[in-house]
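**Student:** return atomic coordinates for the entry below.
(chains A and B)
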Number of protein chains: 2
Amino acid sequence: MRVSILAVGTELLFGQTVNTNAAFLSKNLQLMGFNVMHHYVVGDNPQRLKETLAEAFDKADIVITTGGLGPTQDDLTKEIVSEYMGEKLVCDEKVIDDLKAFFEKFGRKMSQNNIKQAYMPENGTTFYNDAGTAPACAIEKDGKCAICLPGPPREMTWLWNNGVKSYLEKFLDKKMFYKVIRTIGIGESDLETELLPVIDGQTDPTVATYAKEGECAIRVASQRDTLEEAENAVNQMIQRIDALVGQYIYSTDDEELKEVVVRILKEKGLTLSSAESCTAGKFAAAITDVPGASAVYGTGFVTYSIDAKVNQLGVDRNLIERDGVVSSTVAEAMAVQARNKSGSDIAVAITGYAGPDADDGYKAGDAYIGYATSEKSGYIEVHTGAARRDWNREGFTLRMLRTVYLLIEGRL
Amino acid sequence: MRVSILAVGTELLFGQTVNTNAAFLSKNLQLMGFNVMHHYVVGDNPQRLKETLAEAFDKADIVITTGGLGPTQDDLTKEIVSEYMGEKLVCDEKVIDDLKAFFEKFGRKMSQNNIKQAYMPENGTTFYNDAGTAPACAIEKDGKCAICLPGPPREMTWLWNNGVKSYLEKFLDKKMFYKVIRTIGIGESDLETELLPVIDGQTDPTVATYAKEGECAIRVASQRDTLEEAENAVNQMIQRIDALVGQYIYSTDDEELKEVVVRILKEKGLTLSSAESCTAGKFAAAITDVPGASAVYGTGFVTYSIDAKVNQLGVDRNLIERDGVVSSTVAEAMAVQARNKSGSDIAVAITGYAGPDADDGYKAGDAYIGYATSEKSGYIEVHTGAARRDWNREGFTLRMLRTVYLLIEGRL
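**Tutor:** Prediction:
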């Protein structure tokens, strides 16, 4: 079953709103086993909406619109869609009652404009909206189906979860299952080359690689008669992929690296601290993005200046003067001292040049990451080499996470 | 001039990626004075790409594609667009050299796949990419223009700012100039009410308010025959706006609050330190995002645990036990101690609940910000009350910046 998504709203064409609805619906439709064919965005313009609706139905069986169900004059989606599907709009008294109750709850009087929102397709399906004022609706005709959802993401997702999703199930004959594998340490084209044996000539499950910020992901998807069959096919394929590129995989369940790191630290009962120069808090912030990180992370040192490295962390000033503040020995000493001062099991540290400027023969994007455990300490060299300071800092942070990951997995 | 945006990528139809590129391009195109007509998204499918391209050109003069310029087999945008525009792709030796240098820099060998990225339209314009491997291109024919940009947002925005934007200027007959004014301490509807005298009945310059992360901005834009005329009109309008809402303005040049804070600290010769619990490094990271921040910021304390607050920062454990770790007195003590330990002129600190959970009768989004100078110390209460942990942490960070701003401007 082919589905397209048509968003209506001038604010999208002005770039004031990002079309997160299309992503939400696509993800959920794909998970159900629908094929999402196109996304379209048009402004609040009846003529262009009509044309785009015809284009969308030309290549899809189901078209889901978002937006344009509000009470104002420029909200015209339901009217245009009903006209296109040959349906009359009639007043639904239940919607009038719902609207009155909604406004009463907030101590406001219902505006006359809102009555427009109670006119629903005569032979369609109405999805009442407990999360706002605009009900959704579906109209079926000649093997085609149009569904109109409101634009505000909170209302749209509420209606999806409370009616629209179940309504759509009748259109499916096959079930879809997919998983996303996350990797580090390999570029997209190398990854694809390694995976050629499972990509070439493969129709189901499908295997596709794609680049995400600083790493690569692999999507494995299968569409079968039952969900179990699809899930089995995906899991078998993941075993084949693991045999080919297992050393690069850190999650077969679409987890982020920071989540994986916090999870493994918890499992192993280890605590972590950090000392940051060029990232200056970004690593600490990334780790503590994960809810429950307090079980494994308590102390971080932001030692941006040389004085902070000496006074706050206790790095030997002579070492800094001898080897330079950006050096492997200082990175390692920072990690050792962070571990000593905080009493954590593991510490990670960084010193480097985020840019735009660098010094001492280094380039922006050059850094050393130090690490320390009860058994050993060491460092790795990093070259992110990006044109922008913020990209280098992102790259540094990801590589610190990778260092901790390799360390706790016994691979460093 | 009518422009449409066509994003290519199955990951968008799978909902794994949100189409932020369309929003970025739309915003920037509108600011230049183009009319954005439609957004389209298609998967990595040559036939559907071809059809959608034709549909897009049917209602627009310029079509900008994003995505599908990578080295792999399913990357076909440049090939399909060139074919549609009747252009041949020929090998550009400069791109080959750039690619080789790119891979050398990262100590990797260029894959054979990447050579595909060096084939550019014979009579088109190539925009070389210093932020990645995929160059962008433009092809003009019969009054129509197609522009192909890569999909990764970093590369896409880099190419927009370094070539594509200037290239597009020739299609405009009027020149656009705009400035963005940043405010804090006033909500969007109040701001709009205050600005009614300059918004009502105004056609050029246009004055529009919009909400940005935790603050409000005012965009003043003018479209005139020359850039000078437009600039003058904008600057005159900014004077009128300043007379109305001057006390809320912190930048008339679209500076971010962190940039303004670092600039003022530098001008006043003051240094800053921080102690963070619930933001855990995000404030330090925000300040050091600004190039040259090392002149004003040297030391940060990430004291996520109670032990870290006591051992690393020297906050009295009895105080924490008496008043609770999230309390105004602990926030103030953290700031005082951060200032003492680091020797900075000013210190700011935070303790609170980012969520999802909270304790002691507090809600997620409740926090105290402490501050200390040589003359005084104090605290402010914060309630961001967002549904998500990351939003609360962003809100906390912005409010810490605001606290420092008000402090150094003598307004706290």
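**Student:** could you use CA atoms for every contact and neighbour count after this?
**Tutor:** Will do.
**Student:** neighbours of residue A:125, how many?
**Tutor:** Residues near residue A:125, counting by other C-alpha atoms under 10 Å in any protein chain shown, number 16.
**Student:** ok, now the one 5 residues further on?
**Tutor:** Other residues near residue A:130 come to 15 when the count uses other C-alpha under 10 Å.
**Student:** any idea how far it lies from residue A:44?
**Tutor:** 25 Å (C-alpha to C-alpha, to the nearest Å).
**Student:** doesn't residue A:403 make contact with residue A:283?
**Tutor:** No: assessed by C-alpha atoms under 8 Å, residue A:283 is found out of contact with residue A:403, at 11.7 Å.
**Student:** so between those two, which is more surrounded?
**Tutor:** residue A:283 (31 against 22).
**Student:** which residues sit against the helix or strand hosting the more buried one?
**Tutor:** In this structure, residue A:283 sits in helix A:282-288 according to DSSP states H and E. With contact meaning C-alpha atoms under 8 Å, 6 or more residues apart in numbering or on different chains, helix A:282-288 is reached by A:258-259, A:262, A:274, A:276, A:293-294, A:297, A:300, A:393-394, A:397, A:400-401, B:279-282, B:284-285, B:302.
**Student:** ditto for stretch A:211-230
**Tutor:** With C-alpha under 8 Å, 6+ apart, stretch A:211-230 has contacts from A:33, A:173-188, A:204-210, A:231, A:233-234, A:237-238, A:395, A:398.
**Student:** ends of it, what's the gap?
**Tutor:** 25 Å.
**Student:** now do that stretch: distance to the chain's middle.
**Tutor:** Its chain's C-alpha centre and that of stretch A:211-230 lie 15 Å apart, by C-alpha atoms, centre = their mean, to the nearest Å.
**Student:** pull out the buried positions in that stretch.
**Tutor:** By neighbour count with 16 or more other C-alpha atoms under 10 Å in any protein chain shown, stretch A:211-230 contains the buried residues A:211, A:214-224, A:227, A:229-230.
**Student:** count of neighbours near the closest residue to residue A:23 other than its chain neighbours?
**Tutor:** In space, residue A:23 comes closest to residue B:15 once its chain neighbours are excluded; the distance is 4.0 Å by C-alpha to C-alpha, 6 or more residues apart in numbering or on different chains. Residue B:15 has 22 neighbouring residues, counting by other C-alpha under 10 Å.
**Student:** do the same with the one 5 residues further on
**Tutor:** Applying other C-alpha under 10 Å, we find 16 other residues in the vicinity of residue B:20.
**Student:** now for it: which residues touch it?
**Tutor:** A:18-19, B:153.
**Student:** how about a cut-off of 7 Å?
**Tutor:** residue A:18 (C-alpha atoms under 7 Å, 6 or more residues apart in numbering or on different chains).
**Student:** does the nearest residue to residue A:291 once chain neighbours are set aside sit in a helix, a strand or a coil?
**Tutor:** Excluding the flanking residues, the one nearest residue A:291 by C-alpha to C-alpha, 6+ apart is residue B:356, at 7.3 Å. At residue B:356 the chain is in coil, as set by DSSP: H, G, I helix; E, B strand; the rest coil.
**Student:** from chain B, how far out is the residue lying farthest from the centre of chain A?
**Tutor:** Centroid-distance maximum for chain A: residue A:318 at 45.5 Å, with C-alpha atoms, centre = their mean. From residue A:318 across to chain B, the span is 19 Å (C-alpha to the nearest C-alpha, to the nearest Å).
**Student:** so which of the contacts of stretch A:211-230 sit within strands?
**Tutor:** A:175-183, A:206-210 (DSSP state E).
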